[in-house]
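Student: I would like to see how this sequence folds:
(chains A, B and C)
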Amino acid sequence: MAGTETKEAPAKTRTEILISGFGGQGVIRMGQILGLCAINQGHRVTMLKSHGTETRGGYVRAQLVISPEYVDSPVVENADVFVAFSAPAYKRFHELCRGKILYDPEMVEEVRSDVPGRHVEVPATALAKERLGNVLFANMIMLGALTRLAGMDFEAMKRAMLAVIPRFHEENLKALDLGYQLDAVARRA
Amino acid sequence: MAIIQTGVSEKLVAPWAEWAERYREGRRLLEAGTYALTEGAIAAGCRVFAGYPITPATDIAEYMSKRLPQVGGYYMQAEDELAGMHMCAGASLGGLKAMTATSGPGYTLMHDAYGWAITNEIPLVVVDAMRVGPISGITGAPGQGEFYVARYCSHGGNIETIVLSPNSVQESFWLTIDAFNLAERFRTVVTILTDQVISDMFEDLFLPRDYAELGGIVVPRRHNLTMPFYPLNSDAIDVPPNIVGKGTGICVSAYTHTEEGYDIEAMEAQWAQTYRLVNKIRHHREEILRYEAVGLEDAEVIAVAYGAASRTVKTGVLEARRRGVKAGFLRLISLWPFADELFERDARYLVCELNYDGQLVREVMRAAPDKRKVHFMGKSGELHTVAEVATALEGVARRGSIPELPYIWTEVR
Amino acid sequence: MNKLAQKYLRPSQIPTKACHGCGIGMIENWLLQAIDELGFKQEDVIFGTGIGCVGRQTFATWGGDNFGATHGRALAVATGLKIAQPDKKYLIVVGDGDAAAIGTSHLIHAARRNLGVTVICEDNMGYESTGGQFSPTTPAGYVTNSSPYGMAEPSFDPCDVVKAAGATFVAETTATQWHQTVKIVKKALQNDGFSFVHVRFPCNENFGAYALGTRDTLKNLEWIWEHTQGRTVDGKETDFTWETGIKHDASNSRPEFSKILRDMNERVRTKMTEKGSGDGGH
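Tutor: Next up, the predicted model:
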């Protein structure tokens, strides 16, 4: 049959990102933008999404794996980055992460004290309310912060956001920028 | 960053290994398996979808309802799955390529139509996005419970079936085109057994620029306008499908038939019909065999899986090799007819599947030289972890058994 | 073989395997008369059947294209076929089991969609090919092989069901009413939408023998005739009456199902062309 081939597989490098929060916080959207941005830069991406049966208020998780090569296991077992949008999500998944944990202090009030260096506080919900008048933009503030921390191309991330989100482009761009410019984040990047 | 050094041979035996090389102009997206599968159907020339909503196949119906009118096709929402598959069979008899999609609870309702479509040699594609069962089970959790049901999808015996299973979003696109091609060439129902993970997960997806350029790989619908409508005692493939509505005098029915399609109660006719339905597939197994293999040359223990389970199992095999285990990986893409020829090596086999009762493992036990060297690693409702697979491979390679692991079942008998 | 049979039927499949005195062959002749009077040719009509006496005896008798569906699903198959072959006339000849029991949901939804087919429900008031069990159209109280103490369930009228579901032509007739039946079938075939014709006929071997106590064709026909009149031949009131004739005629009053889908496609594609993305790609 045509298509039979044998090749040497190259070394594989994968980055695992875990995002979790309540339904309605835009967790999956955030993952979609992040994933598309990576694809546009030539990477391979998987994203598992899992949630309860509730449309809003339930638990939502996005597991992303980004790699220059085809990703075999799409399961995040050792996250390089963990974004916690809710206290239950933080409690459930923080042990899966051995890298940076971005958390929203309005949602996650208590974090483990033994690894302060790995925790980055991103007041996304508070900023979204204060500066943009709507908590719905918190996810884009968080994405801006993540872009800075992970050293990703900010312009590429903006383009991916515009491609994924159909409306409120001006506000979302502003939110991305707010997160990207946060002092606390810039210092850790 | 986790770095896994592999340096191991990989082999994909499937037509799309070559198709992917041929078509390089197009778009790269982040999309779900259901989206890719729908686009594969549209690209293959599917123009009718009739089905009933059910998680996790509903997105296929929704995408179809949007896409089909754009390409001059028809979306129908049936009153139940029985109607859905019969509508598809009717549309295909009328000359249009058709598909339906469902999950376990709807799949079992389709068996009535399955037998009818298979016996009357009607090309169709049926998608079953498996979730954990029995019955409704948990709608958002993957399962692999229809391995045998897809083989024995009709009562009465005397049939062979073609069943394929993708394990990625990209493969869902190419494999669906392939499924339509096989349906046309073999004049039968081809089942795509996918699952909740591969349906719902997002992954990078390449879509060729213009489906009109896929003419080189898509088998078009042809029409048989002359007798015999049902070549008896023949294993020929690439026979054009029959069409109702062109005044050929074709007869299509639920009964044992003559070459014309008349109902007949004679054993000679029964045997001749069975010869055709079984042997058109059995005698052309090499046209259907599709699989992926990693590191089989030196493997002492071979992990076997399909669909979503194969994703973590493959990484587990690579991890085990890193730990010094001579492990190999075998992913079945064509599930039926069962690829006995892939299990001739006297190695140990670790069969990983998403159920506790053990289904695929029974076929491997039958096909392998020594069934005592076939080990079962069942998990229910969620994927095996890489760590679990690597640990089990180590155990089988070094001690001939799987160490006790929580939530893993190993008993088959 | 008569002239109409010669013109339309398949010589190798005639005569049918029906029992002596069965009404199925006679009703099929009447259908041919209606088809002939409307000027249809063999290739204009697709003939679909189900399972049971009516399915088995009529399948493959039609000289043109035929299908015999699984039990109850003839209308589901016809729905798909009509989409692919919209210009054909569809004669779906089924029994009371197909239409009023195992396939009722398809009947209801085909009526709701106004699918362009004519359903001829040839009703022998029970499952006769399996030896005479009661069906949803067996009159309540009558004795059959599965109701030895009289049928305990109430029966229903499939005409009421399809009318409520939206059928655009509904009529009831019997094997005792030749001219009325031909007239009704002609009207049904001229409706570009869902037509339902309910035709009762006698089964001598089972329903006749067990419910009415006779295998005499004429006596069984007479029993049906009496129940269309509400009076027995000797002037007594019958236990119930079947109202026959056209029960609902809204022929060609609303769009046919396959046309609705074609029109929608047209709208979608016109919009795409206006936007400049009308190709078959994505």
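Student: how many neighbours does the residue in chain A that chain C sits nearest to have?
Tutor: Residue of chain A nearest chain C, by CB to the nearest CB: residue A:163 (15.2 Å). Quick note: C-beta positions are derived from backbone N, CA and C, even for glycine. Using other CB atoms under 10 Å in any protein chain shown, residue A:163 has 15 neighbouring residues.
Student: residues contacting it?
Tutor: Counting by CB atoms under 8 Å, 6 or more residues apart in numbering or on different chains, residue A:163 makes contact with residue A:36.
Student: Where does the residue nearest the centre of chain C sit: helix, strand or coil?
Tutor: The C-alpha lying nearest the average C-alpha coordinate of chain C belongs to residue C:120 (CA atoms, centre = their mean; 1.6 Å). Judged by DSSP: H, G, I helix; E, B strand; the rest coil, the three-state class of residue C:120 is strand.
Student: Tell me who's in contact with it.
Tutor: With CB under 8 Å, 6+ apart, residue C:120 has these contacts: C:27, C:31, C:91, C:92, C:93, C:94, C:185, C:197, C:199.
Student: Okay, and the third one sits in which element?
Tutor: Assignment of secondary structure by DSSP states H and E places residue C:91 within strand C:89-95.
Student: got it, and the first one?
Tutor: Element membership for residue C:27 (DSSP H and E) is helix C:24-37.
Student: all strands of the chain, in order?
Tutor: Unless you meant another one, I'm taking chain A. Using DSSP state E, the strands of chain A run over residues A:6-8, A:12-22, A:44-51, A:59-67, A:79-84, A:97-103, A:119-121.
Student: nope, chain C please
Tutor: Applying DSSP E to chain C gives strands spanning C:45-49, C:65-68, C:89-95, C:118-123, C:169-174, C:195-200, C:245-249.
Student: what's the longest helix in chain C?
Tutor: Counting by DSSP state H, the longest helix found in chain C is helix C:257-275.
Student: In chain B, which residue sits closest to chain A?
Tutor: Taking CB to the nearest CB, chain A has its nearest neighbour within chain B at residue B:17, 3.1 Å off.
Student: How is that residue assigned, secondary-structure-wise?
Tutor: helix.
Student: Look up how far chain C lies from it.
Tutor: 23 Å (CB to the nearest CB, to the nearest Å).
Student: Can you show me the helices along chain C?
Tutor: So, for chain C - with DSSP H - the helices run C:3-8, C:24-37, C:53-58, C:74-84, C:96-97, C:104-113, C:158-165, C:178-189, C:217-229, C:257-275.
Student: relative orientation of the second one and helix C:217-229 in degrees?
Tutor: So the one you mean is helix C:24-37. Here helix C:24-37 runs at an angle of 60 degrees relative to helix C:217-229 (axes from the mean of the first three to the mean of the last three CA atoms, to 10 degrees).
Student: for helix C:24-37, the distance to its chain's centre please.
Tutor: Centroid separation for helix C:24-37 versus its chain: 13 Å, with CA atoms, centre = their mean, to the nearest Å.
Student: right, so the strands of chain A: which one is the most enclosed?
Tutor: Of those, the one with the most neighbours on average (mean count of other CB atoms under 10 Å in any protein chain shown) is strand A:79-84, at a mean of 25.
Student: List the neighbouring strands of that one plus their orientation.
Tutor: Strand A:79-84 pairs in its sheet with strand A:12-22 (parallel), strand A:97-103 (parallel), by DSSP bridges.
Student: could the contacts of residue C:120 go into TSV alongside neighbour count, distance to residue C:163 and pLDDT?
Tutor: Below are the contacts of residue C:120 laid out as TSV (neighbours: other CB atoms under 10 Å in any protein chain shown; distance: CB to CB, whole Å; pLDDT from 0 to 100):
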residue	neighbour count	distance to residue C:163	pLDDT
C:27	23	22	97
C:31	26	22	98
C:91	28	20	98
C:92	27	17	98
C:93	29	20	98
C:94	28	18	98
C:185	27	18	98
C:197	26	13	98
C:199	26	16	98
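Student: hang on, the earlier thing: mind checking if the helix holding residue C:27 is in reach of chain B?
Tutor: No. Against chain B, helix C:24-37 shows no contacts by CB under 8 Å from any CB of the partner chain, the least distance being 14.6 Å.
Student: List the buried residues in that helix.
Tutor: For helix C:24-37, burial by neighbour count (16 or more other CB atoms under 10 Å in any protein chain shown) applies to C:24, C:25, C:27, C:28, C:29, C:30, C:31, C:32, C:33, C:34, C:35, C:36.
Student: likewise stretch C:36-49?
Tutor: Under the neighbour-count criterion of 16+ other CB under 10 Å, stretch C:36-49 has C:36, C:40, C:42, C:45, C:46, C:47, C:48, C:49 buried.
Student: Return the distance of the third one relative to chain B.
Tutor: Here residue C:42 is placed at a distance of 7 Å from chain B (CB to the nearest CB).
Student: excluding its backbone neighbours, what's nearest that residue?
Tutor: In space, and not counting its chain neighbours, residue C:42 is closest to residue C:64: 4.1 Å by CB to CB, 6 or more residues apart in numbering or on different chains.
Student: Check the burial of residue B:368 by counting its neighbours.
Tutor: Counted with other CB under 10 Å, the neighbours of residue B:368 add up to 23.
Student: pLDDT score for the residue nearest to residue C:16 when sequence neighbours are not counted?
Tutor: Spatial nearest neighbour of residue C:16, chain neighbours left out: residue C:57 (4.5 Å); criterion: CB to CB, 6+ apart. For residue C:57, the pLDDT comes out at 93.
Student: residues contacting residue C:57?
Tutor: For residue C:57, the contact set (CB under 8 Å, 6+ apart) comprises C:16, C:17, C:18, C:22, C:24, C:25.
Student: swap the cut-off to 6 Å and go again
Tutor: Residues near residue C:57 by CB atoms under 6 Å, 6 or more residues apart in numbering or on different chains: C:16, C:18, C:24.
Student: my read: the second one touches residue C:28, true?
Tutor: No. When contacts are counted by CB atoms under 6 Å, residue C:18 is not listed as touching residue C:28 (9.7 Å).
Student: Between strand C:195-200 and the helix holding residue C:27, find me the angle.
Tutor: Counting by the same axes, to 10 degrees, helix C:24-37 points 150 degrees away from the direction of strand C:195-200.
Student: Report the backbone C-alpha coordinates of helix C:24-37 in CSV.
Tutor: Provided in CSV are the C-alpha atoms of helix C:24-37 (Å, rounded to 0.1, in the frame of the first residue of the first chain):
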residue,chain,number,x,y,z
ILE,C,24,-53.8,-7.7,-1.9
GLY,C,25,-53.7,-8.6,-5.6
MET,C,26,-57.0,-7.0,-6.2
ILE,C,27,-56.0,-3.8,-4.5
GLU,C,28,-52.7,-3.7,-6.5
ASN,C,29,-54.8,-3.9,-9.7
TRP,C,30,-56.7,-0.9,-8.6
LEU,C,31,-53.5,1.0,-7.9
LEU,C,32,-52.4,0.1,-11.4
GLN,C,33,-55.6,1.5,-12.8
ALA,C,34,-55.1,4.8,-10.9
ILE,C,35,-51.5,5.0,-12.2
ASP,C,36,-52.6,4.2,-15.7
GLU,C,37,-55.4,6.8,-15.7
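Student: Which other helices and strands does that helix contact?
Tutor: With contacts taken as 3 or more CB pairs under 6 Å, 6 or more residues apart in numbering or on different chains; DSSP states H and E, helix C:24-37 sits against helix C:3-8, helix C:178-189.
Student: okay if I get these as JSON lines plus distance to chain B?
Tutor: Shown next, in JSON lines, are the helices and strands packed on helix C:24-37 (distance: least, CB to the nearest CB, whole Å):
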{"stretch": "helix C:3-8", "distance to chain B": "12"}
{"stretch": "helix C:178-189", "distance to chain B": "17"}
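Student: I am finished for the moment; much appreciated.
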